[in-house]
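> structural data only, the sequence is not supplied:
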């Protein structure tokens, strides 16, 4: 099911395309035994400036780099940065 951001839900239908605005709170689930494949395409609002688009591309790049790390590396990196940040604040 897909939460539509306005309090409703819509279901996936075989062979149908579903487009959603993920800037709203949402969730997805798959209650079937079949695999669910999701293609994510990021669009920028037409009123964003070139600078804002560049900043978002940078954020998306860092998000993608983080998501490509293994869970173990993410945890180690998080605690390393947390520890290093505390040490730097004490200096």
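Okay, I see it. The structure displayed is predicted, hence computed values, not measured ones.
> how about the one helix or strand residue 63 maps to: buried residues?
With the criterion set as DSSP states H and E, the secondary-structure element containing residue 63 is helix 50-67. Applying a neighbour-count criterion of 16 or more other Cβ atoms under 10 Å, one finds nothing buried in helix 50-67. Bear in mind the C-beta positions are built from the backbone N, C-alpha and C, glycine included.
> any idea of the mean pLDDT for that helix?
Mean pLDDT, taken over the full extent of helix 50-67, equals 89.
> for stretch 34-44, same thing?
When pLDDT is averaged over stretch 34-44, the result is 80.
> need the contact partners of it.
Contacts with stretch 34-44, where a contact means Cβ atoms under 8 Å, 6 or more residues apart in numbering, come from 12, 22, 28, 30, 52, 53, 56, 60.
> try it again at 7 Å.
In this structure, residues lying in contact with stretch 34-44 by Cβ atoms under 7 Å, 6 or more residues apart in numbering are 30, 53, 56, 60.
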